[in-house]
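Peer 1: structure for this input, please:
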Amino acid sequence: MIMSAEAWGLFLIACFMLNVAPGPDLIFILSRAIGHGRKIGFAASFGVCSGALVHVMAAALGVSAILATSALVFSIVKYVGAAYLVWLGCQALLSRESSLTMDAQASDPKVLTVWSAYRQGVLIDILNPKVALFFLAFLPQFLSHDGTQTSMQVFFETCLLGSIVIVIGLIVEAFFVLAAAPLGAYLRSNHRFALWLDRMFGGLLMGLGVRLALTD
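Peer 2: You can find the predicted model right below:
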């Protein structure tokens, strides 16, 4: 695809700023990295980015346009996603032990696995209709508009730009995971503070779920 250096610079800066902005994805990744270490944090990050990839493909195929034009479909996805965020938040708020304490007990069936963290990340991103609408609105601004592109070229250009957004997201999230994970080791020796941190993350996830539910 043909884009000027100025357009590429604007696109990359926008991708970076969008990925460092706090939201459900980043808060979820940080909570998993602090609570369960780097491996789980990276699994959560890959899950979120996998969910984003689904939205990119949907935008490239035009499926996301349904969310933009159908109030019913948008509302269904929105409320399911909001309920999932609130459910995750309630788990953290109502738990009698910090996830750090449970993670230290290898025989505890509640220990979060890599697959569970990945699956939760995928669901959090897929069930957020705002992500679908973002890709639908953001990516076309950087597509070629000279009228010579075929539908297949538009599809591949959209996938390419969306993939770049996701790769930048993986890089940004990796820095957050690497910075947050060591904090978990310290918190294992301070159970009261660890429990308070779990409550804080739980409250944030619930708040984001309510905010998503109130989105027009």
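Peer 1: now do the helix or strand where Tyr79 lies: which elements does it pack against?
Peer 2: Taking DSSP states H and E as the criterion, Tyr79 maps to helix 71-94. For helix 71-94, the packing partners by 3 or more CB pairs under 8 Å, 6 or more residues apart in numbering; DSSP states H and E come out as helix 24-36, helix 65-69, helix 114-126, helix 129-138, helix 191-213. Placement of C-beta: from N, CA and C, glycine included.
Peer 1: so which residue is smack in the middle of the protein?
Peer 2: Asp25 (3.0 Å; CA atoms, centre = their mean).
Peer 1: tell me the secondary structure at the residue nearest to it when sequence neighbours are not counted.
Peer 2: Leaving aside its sequence neighbours, Asp25 sits nearest to Val48 (CB to CB, 6 or more residues apart in numbering; 4.6 Å). At Val48 the chain is in helix, as set by DSSP: H, G, I helix; E, B strand; the rest coil.
Peer 1: list the contacts of Val48.
Peer 2: 25, 28-29, 121-122, 124-125, 169, 173 (CB atoms under 8 Å, 6 or more residues apart in numbering).
Peer 1: where neighbours are concerned, which of the residues you listed has the most?
Peer 2: Ile29 (29 neighbours; other CB atoms under 10 Å).
Peer 1: doesn't Phe176 make contact with that one?
Peer 2: Yes. Using CB atoms under 8 Å, Ile29 makes contact with Phe176 at a distance of 6.4 Å.
Peer 1: shared neighbours, the two?
Peer 2: Gly41.
Peer 1: how far away is the residue nearest to the centre of the chain from Tyr84?
Peer 2: 13 Å (CB to CB, to the nearest Å).
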